[in-house]
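Q: Fold the following, please.
(2 chains)
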Amino acid sequence: MSRRPQGLTAGLLIGPATLVVLGALVAPLVLLARYSLNRYDRTNFMVEALTPENYLRFLYDPFYTGVLWTTLWIALVTTTLCLVLGFPIAYRLARSQSRWKSAGVLLVILPLFIGSTVRALGWMGVLGRGGLLDSAAAAMNPGSSVALLYTPFAVVLGILSINLPYMVLTLQSVIEGIDARVEEAAESLGAEPSRRFLLVVLPLALPGLATGAVLVFILAMNAYATPLLLGGARFQMMAPMLFREYAVNNNWPFAAAIAFILMVTTLTLTAASSAFVQRRYKAA
Amino acid sequence: MSASYLRIEGLTKRFGASAAVQDVNLDVRQGEMVVLLGPSGCGKTTTLRLIAGFVEATAGRILLEGQDYADLPPYRREMGMVFQSYALFPHMTVAQNVTFGLRMRRLPKPEIEQRLAATLEMVELSSMAERYPRQLSGGQQQRVALARALAIRPKVLLLDEPLSNLDANLRQQVAREIRQLQRAAGLTALMVTHDQDEAMMMADRLVVMDKGAVQQVGTQEELYERPANPFVARFIGHSNLVAGELSGGTRLSLPDGTVIGLAGHYAATGPVTLAIRPERARLCAPGDAAARVTVVVEDATYVGAHVEYLLALPDGTRLILHDPTDGGGTRRHAPGDRAGLTWDPASERLFDAAGVPLTARAAIPA
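A: A predicted model of the protein is given here:
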């Protein structure tokens, strides 16, 4: 056995990952930050400068702040729905002792095998004019039509269907970590199901709920294909708008600024919510 | 003795085709401590969980003070449960754990405070009220679990292997403490354990279970001196079991032709099982008139209170014998020696092919 100091071995082991992170994440971010301070010019596209004008343009134009708000509330609504709909599924799966449990888990994972673009196209077929719902409505009540495509509802539905499996899988592993005997103890001490849930299961699952919520919130904030395909031309969210500024308008400085505003907003809210949960958890 | 307080009638739990608990009948008197004892997988824990209400019975009734509890959810059963893993609420302090059941009952605050103080004092944890379970030792956690169950003044206290997670040297002490608390409070209690010593120490009566069925219910002495079948004879204490053919009232013939001269005279004939406890048999000279069978000493180990002999019958069946030490000559027989084996009529147990004990009509003097 070699007597190499432990610190050196550890350093060698995390070295490659550190290099990848530095090269693939930090360097582009630094570059992006630099771009966001440049100036845009119609003929030269990007001009070297050190100006806050891209950020100011975003913050003072109600159109752009409106897009940020839309993105935020869509993300919050889908995160809340994921929590509310995901918890019962995750709980059933976690506490199941049936031999169908792994089939259930597979059913939850299966949608993840299909890309978000393909699934958005599927929803278009269901929600669009002449789609499944529309034809069904017309058949039941001739002359009527249901136009759900290109509405916020369609976007929420699309993002929800993509994010729900992540939430269920996160919560399932957390609930499995809660000793089922603790719930039985609460029951035997006189706690009916509602109080057992509120006083025992929920507080113990809280860190897991926060992890799951952060995960799906970040995914929703950065959703691209779903809002683009299901939201339609007049529905704007941050990621599609960012791409348009970058690829269609060739305005790299402004696109970089949008990217940073999206990132900072997401990170701030994420950090704030975990800090809140951590404090609650300690106090509880 | 007062009448039955907790009565269990025909309690059965099937999982698919297999029965985890099969037709269990039991009467528990008020203030009694009954211990369910058996090897793992014998259905004792399922029986306890059926009574607690965590498992729904396939058939049978659970009557407490005459009321049928079988259809009540656990939170209406007023039974305090102490779990093997303690199952304390990790996010609550000791005080919050102990008062949980009282808060569920919406008792007035002064009463909650008063019961908390009294219960913590009872388990000697008054100074730990504000600690979290993770800050306590295993023994302290166990006492919190007990206090939490006692605080609700349960109609029945259920204990599922309460001592198995404790250090060996702490176990006896905690066993005595639980017993004292239970007696002092006049609590009716049902405990599950696989540990025979624990069961013998704590029980008023024991229920021996195997393969989902009750094998025998009785006091320590009844189980030890009058086991209802070979399983109980071997499981409680230890018994050497020898299978053979009974003929002529007193002859037990083994398959290889060896004949054991029994101490009793029996009316039955046919296949039987002989059970002899290690400390109830003696060795003598091979040709001694008292010898019921001749054995070969395979091993002799001095273990303090007795010498443990490993003996072999002519057909190879191994027997264990405990010869009490008396401070004088120890290992009276050395490995390789031939010796006679004998026992008194009162120490002989014979079971028929169905496992039912046979009674001797007359004793044959050795």
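
Q: which element is the residue nearest the centre of chain A on?
A: Most central in chain A under CA atoms, centre = their mean is A:Leu219, positioned 2.2 Å from the mean C-alpha point. If you go by DSSP states H and E, A:Leu219 is part of helix A:202-221.

Q: Tell me the helix or strand right after that helix.
A: helix A:225-231.

Q: Buried by neighbour count: which residues of the next helix or strand after that following helix qualify?
A: Going down the chain from helix A:225-231, the next helix or strand is helix A:238-243, by DSSP H and E. Across helix A:238-243, burial judged by 16 or more other CB atoms under 10 Å in any protein chain shown covers A:Met238, A:Ala239, A:Pro240, A:Met241, A:Leu242. Where you see a C-beta, it was placed from the backbone N, CA and C, and this is true even at glycine.

Q: can I get the residues you listed in JSON lines with pLDDT and distance to A:Ile261?
A: Formatted as JSON lines, those follow (pLDDT from 0 to 100; distance: CB to CB, whole Å):
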{"residue": "A:Met238", "pLDDT": "94", "distance to A:Ile261": "8"}
{"residue": "A:Ala239", "pLDDT": "94", "distance to A:Ile261": "12"}
{"residue": "A:Pro240", "pLDDT": "93", "distance to A:Ile261": "15"}
{"residue": "A:Met241", "pLDDT": "94", "distance to A:Ile261": "11"}
{"residue": "A:Leu242", "pLDDT": "93", "distance to A:Ile261": "9"}
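
Q: could I get these as a markdown table with distance to A:Trp100?
A: Below are the buried residues of helix A:238-243 laid out as a markdown table (distance: CB to CB, whole Å):
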| residue | distance to A:Trp100 |
| --- | --- |
| A:Met238 | 40 |
| A:Ala239 | 38 |
| A:Pro240 | 40 |
| A:Met241 | 44 |
| A:Leu242 | 43 |
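
Q: Going by distance to A:Pro111, which of these wins?
A: A:Ala239 (20.4 Å; CB to CB).

Q: quick one: contacts for that closest one?
A: A:Thr71, A:Asn222, A:Ala223, A:Tyr224, A:Pro227, A:Leu262 (CB atoms under 8 Å, 6 or more residues apart in numbering or on different chains).

Q: Ramachandran angles for B:Gln182?
A: Note on B:Gln182: backbone dihedrals following degrees, to the nearest 10 are phi -60, psi -40.

Q: Not counting its neighbours along the chain, what's nearest it?
A: Residue nearest to B:Gln182 in three dimensions, not counting chain neighbours: B:Ala189, with 5.1 Å by CB to CB, 6 or more residues apart in numbering or on different chains.

Q: next one: B:Gln30
A: Nearest one to B:Gln30, counting by CB to CB, 6+ apart, is B:Tyr5 at 4.0 Å.

Q: these two touch, right, that neighbour and B:Leu63?
A: No: the criterion here is CB atoms under 8 Å, and B:Tyr5 misses it with B:Leu63 at 9.3 Å.

Q: looking just at contacts, which helices and strands does the helix or strand hosting A:Val108 meet?
A: Secondary structure assignment for A:Val108, by DSSP H and E: helix A:101-109. Here helix A:101-109 touches helix A:62-95, helix A:152-176, going by 3 or more CB pairs under 8 Å, 6 or more residues apart in numbering or on different chains; DSSP states H and E.

Q: how about JSON lines for the contacts of A:Ala239, with neighbour count and pLDDT added?
A: Converted to JSON lines, the contacts of A:Ala239 look like this (neighbours: other CB atoms under 10 Å in any protein chain shown; pLDDT from 0 to 100):
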{"residue": "A:Thr71", "neighbour count": "24", "pLDDT": "96"}
{"residue": "A:Asn222", "neighbour count": "16", "pLDDT": "93"}
{"residue": "A:Ala223", "neighbour count": "26", "pLDDT": "93"}
{"residue": "A:Tyr224", "neighbour count": "16", "pLDDT": "93"}
{"residue": "A:Pro227", "neighbour count": "27", "pLDDT": "93"}
{"residue": "A:Leu262", "neighbour count": "20", "pLDDT": "95"}
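
Q: For chain B, tell me which of these show up nearby.
A: Contacts with chain B within those, counted by CB under 8 Å from any CB of the partner chain: none were found.

Q: With respect to B:Met79, which of the residues you listed is nearest?
A: Distances from B:Met79 to the contacts of A:Ala239, taken by CB to CB, are shortest for A:Ala223, at 50.9 Å.

Q: and the closest one, what is it in contact with?
A: Applying CB under 8 Å, 6+ apart, the residues near A:Ala223 are A:Ile74, A:Ser116, A:Val155, A:Ile159, A:Ile162, A:Met237, A:Ala239.

Q: Could you give the backbone dihedrals for it?
A: Torsion angles, degrees, to the nearest 10, at A:Ala223: phi -60, psi 140.

Q: measure it to chain B for me?
A: 34 Å (CB to the nearest CB, to the nearest Å).

Q: What of A:Leu267?
A: Taking CB to the nearest CB, one finds A:Leu267 at 28 Å from chain B.

Q: okay, B:Glu245: pLDDT?
A: Looking at B:Glu245, its pLDDT stands at 93.

Q: helices or strands next to the strand or helix carrying it in the packing?
A: According to DSSP H and E, B:Glu245 maps onto strand B:240-247. Using 3+ CB pairs under 8 Å, 6+ apart, the elements in contact with strand B:240-247 are helix B:230-235, strand B:251-253, strand B:270-276, strand B:318-324.

Q: Identify the bridge partners of the nearest residue to B:Asn240 once chain neighbours are set aside.
A: Spatial nearest neighbour of B:Asn240, excluding adjacent residues (CB to CB, 6+ apart): B:Leu319 at 4.4 Å. Beta-bridge partners of B:Leu319, counted by DSSP bridges, are B:Leu311.

Q: B:Leu319: neighbour count?
A: A count of nearby residues for B:Leu319, using other CB atoms under 10 Å in any protein chain shown, gives 19.

Q: wait, it sits on B:Leu274?
A: No: contact criterion CB under 8 Å: B:Leu319 and B:Leu274 do not qualify, at 10.4 Å.

Q: any shared contact partners between those two?
A: With CB under 8 Å, 6+ apart, B:Leu319 and B:Leu274 have common neighbours B:Val242.
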